[in-house]
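[1] pasted the sequence and its predicted model underneath.
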Protein chains: 4
Amino acid sequence: MKTPIDIVNEMMQKDTYSQWLGIEIIKVEAGSCELAMTVREEMLNGHQITHGGISYAIADSALAFAANSRGQKCVSIETAIAHIAPIHLNDQLTVKCQEINCGKTIGRYESLVYNQHHKLVARFNGTVFRHPENW
Amino acid sequence: MKTPIDIVNEMMQKDTYSQWLGIEIIKVEAGSCELAMTVREEMLNGHQITHGGISYAIADSALAFAANSRGQKCVSIETAIAHIAPIHLNDQLTVKCQEINCGKTIGRYESLVYNQHHKLVARFNGTVFRHPENW
Amino acid sequence: MKTPIDIVNEMMQKDTYSQWLGIEIIKVEAGSCELAMTVREEMLNGHQITHGGISYAIADSALAFAANSRGQKCVSIETAIAHIAPIHLNDQLTVKCQEINCGKTIGRYESLVYNQHHKLVARFNGTVFRHPENW
Amino acid sequence: MKTPIDIVNEMMQKDTYSQWLGIEIIKVEAGSCELAMTVREEMLNGHQITHGGISYAIADSALAFAANSRGQKCVSIETAIAHIAPIHLNDQLTVKCQEINCGKTIGRYESLVYNQHHKLVARFNGTVFRHPENW
């Protein structure tokens, strides 16, 4: 049977977008994970701060890794993100995703995104559907 | 005074992430817009379908353009996205963003993302804060 | 086999809270419905406008009726509501709920709440889990 | 200057809906609060479990009290609730609301609803607009 880190490594190898983002896996346990990345020039928006799609993406990758690490294939069905503070070029982001609840078919997770000053910059909630199929 | 399309062009020039996504502006009116993009190899996730961060990003860019096109600088404070159907490599996405409500300080918008078969693949809702500062 | 209105009547008979709210069923079709109610003295909050729980409740009842009217038992798993304009004592509310998407196990619905001046006062989105059990 | 508990007592006196719900104030501090209530016969839905509008309402009252207790008048603009486990007749609910972030004009709060077995039954997130007017 695959361990949480086996599953996340297998996902990460196919996950070309998380690769492009430069996501680094800090820690994985069944139902939780911690990731890091650094904001680059091509990640800004029209206000010249980091595009909301970037903080969403790292939070969503964390959700995917945390949920799938339990062994069943999970896909996100509904997610929400609050953009709490601006994220700037070269900021080093860390995201911690933890499980709120893991039912038979539905799982809920929260990803919190921090900058290098340990300030909370985004809060993300995600609900996944747990397919009856294993990694 | 700047027109909606002036503002969106100005935003788009600075918006390095929307450029990377390959976002094309189809239509802009005060409070609404329509954008298009095509899914590339580097936009996939660990299930080898399109990463949720991509559909979020195009929907969020549409929100930003629609909200700011009214003339006041707006930033997103809370957004939610439902991933309704899988998006595949090379899919051609269109997003239509419309205003639900535009108050003095708060505006609400909905972005609907469709694939090339006119199927709804994601529904996005966003709330923006309208700064008392003009473009 | 039960029709949509059979199912909603059966639900409404048990639904003591919708009864307390004074909800009136205007229209039911498979996957959609329209309800009405009037705001009473015991429905206000600390600002002396209608409590957010009231507009949420009518929108959520509309979601339940619209989703269950298709025949399978559905429960809400995730919902969001934007409070767009204040609702006052004696306001007559109408809610229209429509289906955004109905998959095998997951359904998505939108409820829009209007006051007697046809002004949109709340926008609600809900995701339901469709149990493999019929009414 | 009014204290957090002064403000919440003043709100509670006008808040006829929280009174109807039977909400009891357990604890109030600037930016947070804890409330309790018991589910009654008239709070059920068509599945004969507690209506989603009830758990939403107690979570939303907690949000209102926590946010307003800081002294500025706050109204909710966007809220979301995940219904995690069924709530039954006579269940004794406790809600704890804490501040995630309190900016100049926008505040974010999380309300967690538990039953008498200390099981998490609902998770609620709310964003408020902070008016430049004091209690």
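    That came through, no problem. Computed from a predicted model, the values in this text were never measured in an experiment. Numbers count the residues shown, from 1 in each chain, chains lettered A, B, ... in the order given.
[2] report pLDDT for the residue lying closest to A:Pro86 once chain neighbours are set aside.
    With C-beta to C-beta, 6 or more residues apart in numbering or on different chains as the criterion, A:Pro86 has its nearest non-adjacent residue at 4.5 Å, and that residue is A:Ile49. The way it works is simple: take the backbone N, C-alpha and C, and place the C-beta from them, glycine included. pLDDT recorded at A:Ile49 is 96.
[3] please apply the same query to A:Met1.
    The model's pLDDT for A:Met1 equals 82.
[4] on that earlier part again, now do the contacts for the residue nearest to A:Pro86.
    With contact taken as C-beta atoms under 8 Å, 6 or more residues apart in numbering or on different chains, A:Ile49 is in contact with A:Pro86, A:Ile87, A:His88.
[5] distance of it from B:Gln19?
    Distance of A:Ile49 to B:Gln19, given as C-beta to C-beta, to the nearest Å: 15 Å.
[6] just A:Asn115 next, same as before
    Using C-beta to C-beta, A:Asn115 is found at 24 Å from B:Gln19.
[7] just A:Ile81 next, same as before
    Plainly put, A:Ile81 is 22 Å away from B:Gln19 if you go by C-beta to C-beta.
[8] which one's more surrounded, these two?
    More crowded of A:Ile81 and B:Gln19, by other C-beta atoms under 10 Å in any protein chain shown: A:Ile81, with 26 against 13.
[9] what is the neighbour count of A:Glu78?
    28.
[10] you'd agree it is in a strand?
    Yes. According to DSSP: H, G, I helix; E, B strand; the rest coil, A:Glu78 belongs to a strand.
[11] surely it and C:Glu78 touch.
    Yes. A:Glu78 is within contact range of C:Glu78, at 4.8 Å (criterion: C-beta atoms under 8 Å).
[12] hey, what's in contact with both of those two?
    Residues touching both A:Glu78 and C:Glu78 (C-beta under 8 Å, 6+ apart) are A:Thr127, C:Thr127.
[13] hey, C-alpha coordinates of stretch A:87-101 in PDB?
    Extracted in PDB, the C-alpha atoms of stretch A:87-101 (Å, rounded to 0.1, in the frame of the first residue of the first chain):
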ATOM      1  CA  ILE A  87       1.400  39.300  -1.600                       C
ATOM      2  CA  HIS A  88       4.400  40.900  -3.300                       C
ATOM      3  CA  LEU A  89       7.000  39.900  -5.800                       C
ATOM      4  CA  ASN A  90       9.700  37.600  -4.300                       C
ATOM      5  CA  ASP A  91       7.500  36.900  -1.200                       C
ATOM      6  CA  GLN A  92       8.100  33.400   0.100                       C
ATOM      7  CA  LEU A  93       4.800  31.700   0.700                       C
ATOM      8  CA  THR A  94       4.100  28.700   3.000                       C
ATOM      9  CA  VAL A  95       0.800  26.900   3.000                       C
ATOM     10  CA  LYS A  96      -0.400  24.600   5.700                       C
ATOM     11  CA  CYS A  97      -3.400  22.400   4.900                       C
ATOM     12  CA  GLN A  98      -5.300  20.500   7.500                       C
ATOM     13  CA  GLU A  99      -8.300  18.200   7.500                       C
ATOM     14  CA  ILE A 100     -11.500  19.600   9.100                       C
ATOM     15  CA  ASN A 101     -13.500  16.500   8.500                       C
END
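[14] which parts of it are buried?
    Neighbour-count burial for stretch A:87-101 flags A:Ile87, A:Asp91, A:Leu93, A:Thr94, A:Val95, A:Lys96, A:Cys97, A:Glu99, A:Ile100, A:Asn101 (criterion: 16 or more other C-beta atoms under 10 Å in any protein chain shown).
[15] switch those over to a markdown table; also include pLDDT, distance to B:Ala59 and secondary structure.
    Formatted as a markdown table, the buried residues of stretch A:87-101 follow (pLDDT from 0 to 100; distance: C-beta to C-beta, whole Å; DSSP: H, G, I helix; E, B strand; the rest coil):
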| residue | pLDDT | distance to B:Ala59 | secondary structure |
| --- | --- | --- | --- |
| A:Ile87 | 98 | 19 | coil |
| A:Asp91 | 98 | 23 | coil |
| A:Leu93 | 98 | 21 | strand |
| A:Thr94 | 98 | 25 | strand |
| A:Val95 | 98 | 20 | strand |
| A:Lys96 | 98 | 25 | strand |
| A:Cys97 | 98 | 22 | strand |
| A:Glu99 | 98 | 26 | strand |
| A:Ile100 | 96 | 24 | strand |
| A:Asn101 | 95 | 26 | strand |
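[16] which one of those is nearest A:Ser61?
    For the buried residues of stretch A:87-101, the minimum distance to A:Ser61 (C-beta to C-beta) is 8.0 Å, reached by A:Val95.
[17] so who does the closest one touch?
    A:Val95 touches A:Glu34, A:Leu35, A:Ala36, A:Ile58, A:Ala59, A:Ala62, A:Ser111, A:Leu112, A:Val113, A:Tyr114, counting by C-beta under 8 Å, 6+ apart.
[18] separation between it and C:Gly52?
    From A:Val95 over to C:Gly52 the distance is 30 Å, taken as C-beta to C-beta.
[19] which residues touch A:Thr94?
    Neighbouring residues of A:Thr94 by C-beta under 8 Å, 6+ apart: A:Ile26, A:Glu34, A:Leu35, A:Ala36, A:Val113, A:Tyr114.
[20] repeat the analysis, applying 6 Å as the threshold.
    Contact analysis of A:Thr94 by C-beta atoms under 6 Å, 6 or more residues apart in numbering or on different chains lists A:Ala36, A:Tyr114.
[21] what about A:Ile54, which SS state?
    A:Ile54 is classified as helix under three-state DSSP.
[22] and the closest residue to it other than its chain neighbours, how many neighbours?
    What sits nearest to A:Ile54 in space, not counting adjacent residues and going by C-beta to C-beta, 6+ apart, is A:Met43, at 4.7 Å. Neighbours of A:Met43 under the rule other C-beta under 10 Å: 24.
[23] what parts of chain A come near chain B?
    Counting by C-beta under 6 Å from any C-beta of the partner chain, the residues of chain A close to chain B are A:11, A:14-17, A:20, A:41-46, A:48, A:51-53, A:56-57, A:60, A:76, A:78-83.
[24] filter those down to the buried ones, ChimeraX style.
    Those of the residues of chain A next to chain B that count as buried under 16+ other C-beta under 10 Å are selected in ChimeraX with:
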select /A:11,15,16,17,20,43,44,45,46,51,52,53,56,57,60,76,78,79,80,81,82,83
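[25] helices - which of the residues of chain A next to chain B land there?
    Using DSSP state H, the members of the residues of chain A next to chain B that fall in helices are A:Met11, A:Lys14, A:Thr16, A:Tyr17, A:Trp20, A:Gly52, A:Gly53, A:Tyr56, A:Ala57, A:Asp60.
[26] so which residues on chain A come close to chain C?
    Neighbours of chain C within chain A, by C-beta under 6 Å from any C-beta: A:Ile77, A:Glu78, A:Ile106, A:Thr127.
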